[in-house]
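Visitor: Based on what follows, work out the 3D shape:
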Amino acid sequence: MKKARMGKNEMDDLMAYDDKADDTDEGIGMCGWILTAISWLIVIVTLPFSLCVCFKVVQEYERAVIFRLGRLLQGGSKGPGIFFVLPCIETYQKVDLRTITLDVPPQEVLTRDSVTVSVDAVVYYRVSNATISVANVENAHHSTRLLAQTTLRNILGTKNLHEILS
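Guide: Next up, the predicted model:
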């Protein structure tokens with residue numbers, strides 16, 4: 001059983017960040033400010049109970065990416081520790097920063113010398129930027145799995161059987 005490693009360039013391409021999205025900072029608008037004020041009013045009116053809903057905790061190995069009215073908050077991801085989420089207008093997504101292992105299921109690969117080989121692999125990856133992982137890829141875990149399968153088939157398809165076995 002051979003193990004394939006995904007190159008840094010493939011991961012960089014997967015997690016490529018679109019700088020143009022950051023340049024268009026138009027704010028949340030008048031309706032956004034009104035909704036924010038109403039949300040703060042609800043927090044203040046229900047103060048003792050709202051603290052249980054508004055304060056969130058993120059572990060040492062996690063980060064939280066917060067969206068206000070569907071837009072990323074400035075400052076990037078929050079954590080580790082405690083942070084505040086306004087009810088009704090803010091949502092957050094936790095991202096695990098630990099190294100994650102993926103088993104790539106067995107792939108039937110046709111080598112350059114027309115031999116069919118069944119190969120599986122193990123992929124190790126770690127999210128380095130939680131904000132980019134959430135904002136640019138719908139499901140980074142699934143995307144990494146599919147990229148590993150494709151890369152495994154493409155690389156082994158260009159090799160002869162004796163090169164794969166050595």
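
Visitor: what sits against Gly81?
Guide: Shown in contact with Gly81 (C-beta atoms under 8 Å, 6 or more residues apart in numbering): Val57, Val58. Quick note: C-beta positions are derived from backbone N, CA and C, even for glycine.

Visitor: next SSE after the lowest-mean-pLDDT helix or strand in the chain?
Guide: The helix or strand of the chain with the lowest confidence, counting by mean pLDDT, DSSP states H and E, is helix 20-23 at a mean of 42. Once the chain leaves helix 20-23, the next helix or strand it forms, by DSSP states H and E, is helix 29-45.

Visitor: Tell me how many other residues crowd the spatially closest residue to Ser143 that is not a sequence neighbour.
Guide: Excluding its sequence neighbours, the residue lying closest to Ser143 (C-beta to C-beta, 6 or more residues apart in numbering) is Val137, at 5.2 Å. For Val137, the count of nearby residues is 15 (other C-beta atoms under 10 Å).

Visitor: give me phi/psi at Val137?
Guide: phi -130, psi 130 (degrees, to the nearest 10).

Visitor: If I look at it, what pLDDT would I see?
Guide: Note on Val137: pLDDT of 90.

Visitor: roughly how far apart are it and Leu146?
Guide: Val137 sits 11 Å away from Leu146, going by C-beta to C-beta, to the nearest Å.

Visitor: now swap in Tyr61 and tell me
Guide: Per C-beta to C-beta, Tyr61 is found 25 Å from Leu146.

Visitor: wouldn't Lys78 be in contact with Phe67 here?
Guide: No: between Lys78 and Phe67 there is no contact under C-beta atoms under 8 Å: 11.7 Å.
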